[in-house]
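Undergrad: quick one, what's the 3D model for this:
(chains A, B, C and D)
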Number of protein chains: 2
Amino acid sequence: MEPMSGYDIKKRFEEIASNFWNESYGQIYPILKGLYTEGLAIRSIEKQVGKPDRHIYELTELGHQELKNWLLEPVERHVGRHEILLKLFFGPKVSVEDNIEQVKHFQKNHINELAQLQSIKLKIETENCKKTHLPYWMMTIRFGELMNEALLKWSDEVLSTMKEMKEKKYKDS
Amino acid sequence: MEPMSGYDIKKRFEEIASNFWNESYGQIYPILKGLYTEGLAIRSIEKQVGKPDRHIYELTELGHQELKNWLLEPVERHVGRHEILLKLFFGPKVSVEDNIEQVKHFQKNHINELAQLQSIKLKIETENCKKTHLPYWMMTIRFGELMNEALLKWSDEVLSTMKEMKEKKYKDS
DNA sequence: AACACCATGTAAGCTGTTACATGATTAA
DNA sequence: TTAATCATGTAACAGCTTACATGGTGTT
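TA: Have a look, this model is predicted:
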């Protein structure tokens, strides 16, 4: 996108990609070093007063080509590990009430996520840095919206099923 | 659920949980060993003719308690890393046509996944092993259905946006 | 006085996949 | 004959998080 420091990259992830990606310094800094030694990026140092120096990395022609190649590779499917489903898989080990609590907590989380998404959306729309990126970034937001809406629908469905199970249990006993 | 070997566990994951979880032997066998040495499981050997022996593990009382404790812990949110979104994040680096190809491939994958889900659903319904598990396992299936439906809706939306972008580009040039 | 921000980085440790090794049986 | 199924396991590697170390500036 543009010359950046490791610190900047982390920040960008947190500000506008936090709904679908995160990366720790422990990954970022060694990888930038690697890009540099492999000739995929160049590095320049920006001196500052009262603050540490900034190490600015910028892709070389080779680096841009590598990135392009990666972008063209089709994304292969990988199973998203949803811990809540693994827990429900063992549902009968605990009480229906316990499972209800679990799902309610899950639901709350995703209501929050939807709200956070809206603030990221606003940030992207108003900052409006590069016009070419805008439509693509909006697609990542839309992804989050549809996912979270589906997740909330699922929570509702599951909660009413569980409530039925609870009532049946009372009838039996 | 019941006494099982590492091989059995892998199989169960593949047969009825492959839509939300997978686990490799490289994880399973060392972990089973660990459970045994920590007193969370006991191990017995089932001898077979013409086939390797089966190492059957069964949770101890302590093991069951640990599992229960884990089930009661609320699931904390973690960002699912969707590679396709990271690629779209750099969308302007390649052509609109290239991005369309990427999304079409994604769409195909999720149509397949929906089909696979239906066969897992059938397996669970017909095998019908333990009645107590059935409703919970169906919830994991429903999760997959709603996710994939949302993903397909997203693909449709994104593809039509991209087609518009393509047309605009032609007008400009 | 305590904390957050700026900015770099490393080391230890956990998590996870892939490939390998073994070896008999059965189906295409 | 080739491949799959049964069944165990290990070793090498890749990916990722967390905690630590440094140290000045600005805010509550």
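Undergrad: helix, strand or coil for A:R12?
TA: Three-state call for A:R12 (DSSP: H, G, I helix; E, B strand; the rest coil): helix.
Undergrad: which residues of chain A fall in strands?
TA: Along chain A, the stretches classed as strands by DSSP state E are A:41-46, A:54-59.
Undergrad: just name the most buried of the ones you listed.
TA: Stretch with highest mean neighbour count among the strands of chain A: strand A:54-59 (a mean of 17; mean count of other CB atoms under 10 Å in any protein chain shown). Quick note: C-beta positions are derived from backbone N, CA and C, even for glycine.
Undergrad: how far off centre is that strand?
TA: Mean-position distance between strand A:54-59 and its chain equals 24 Å (CA atoms, centre = their mean, to the nearest Å).
Undergrad: what about that strand, near DNA strand C?
TA: Yes - interface with DNA strand C: strand A:54-59 contributes A:54-56 (CB under 7 Å from any atom of the strand).
Undergrad: now those as TSV including distance to DNA strand D and pLDDT?
TA: As requested, those are exported to TSV (distance: CB to the nearest atom of the strand, whole Å; pLDDT from 0 to 100):
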residue	distance to DNA strand D	pLDDT
A:R54	12	96
A:H55	14	97
A:I56	17	97
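Undergrad: residue closest to the middle of chain A?
TA: A:F20 (2.0 Å; CA atoms, centre = their mean).
Undergrad: give the contact list for that residue.
TA: By CB atoms under 8 Å, 6 or more residues apart in numbering or on different chains, the contact set of A:F20 is A:140, A:143-144, B:79-82, B:85-86.
Undergrad: and A:M138, by the same measure?
TA: Residues near A:M138 by CB under 8 Å, 6+ apart: A:121, A:124.
Undergrad: A:K10 reaches A:G26, doesn't it?
TA: No - between A:K10 and A:G26 there is no contact under CB atoms under 8 Å: 10.7 Å.
Undergrad: neighbours around A:Q107, how many?
TA: By the measure other CB atoms under 10 Å in any protein chain shown, the count of residues near A:Q107 is 17.
Undergrad: next: A:L71.
TA: Using other CB under 10 Å, A:L71 has 18 neighbouring residues.
Undergrad: now do the longest helix along chain A against helix B:134-172, angle only.
TA: Across chain A, the longest stretch assigned as helix under DSSP state H is helix A:134-172. Interaxial angle, helix A:134-172 versus helix B:134-172 (axes from the mean of the first three to the mean of the last three CA atoms, to 10 degrees): 160 degrees.
Undergrad: hmm, back to that, which of the contacts of A:F20 has the most neighbours?
TA: Ranked by neighbours (other CB under 10 Å), those are led by A:T140, which has 25 neighbours.
Undergrad: now do the contacts for the residue nearest to that residue when sequence neighbours are not counted.
TA: With CB to CB, 6 or more residues apart in numbering or on different chains as the criterion, A:T140 has its nearest non-adjacent residue at 4.6 Å, and that residue is B:L85. Each residue near B:L85 by CB under 8 Å, 6+ apart is listed here: A:17, A:20-21, A:139-140, A:143.
Undergrad: thinking again about what came up before, do you know the pLDDT at the residue nearest to the centre of chain A?
TA: Among the per-residue scores, A:F20 holds a pLDDT of 96.
Undergrad: ok, now how distant is it from A:E73?
TA: According to CB to CB, to the nearest Å, A:F20 and A:E73 sit 18 Å apart.
Undergrad: now do A:K87
TA: For A:K87 relative to A:E73 (CB to CB), the value is 34 Å.
Undergrad: neighbour count winner among the two?
TA: Set A:K87 next to A:E73 and count neighbours by other CB under 10 Å: A:K87 wins out with 23 against 10.
Undergrad: and the closest residue to DNA strand D within chain A, how many neighbours?
TA: DNA strand D sits closest to A:G26 of chain A, with a gap of 2.5 Å, by CB to the nearest atom of the strand. Using other CB under 10 Å, the number of residues around A:G26 comes to 8.
Undergrad: which ones are touching A:L159?
TA: Neighbour list for A:L159: A:100, A:103-104, A:107 [criterion: CB under 8 Å, 6+ apart].
Undergrad: hmm, 6 Å instead?
TA: By CB atoms under 6 Å, 6 or more residues apart in numbering or on different chains, the contact set of A:L159 is A:V103.
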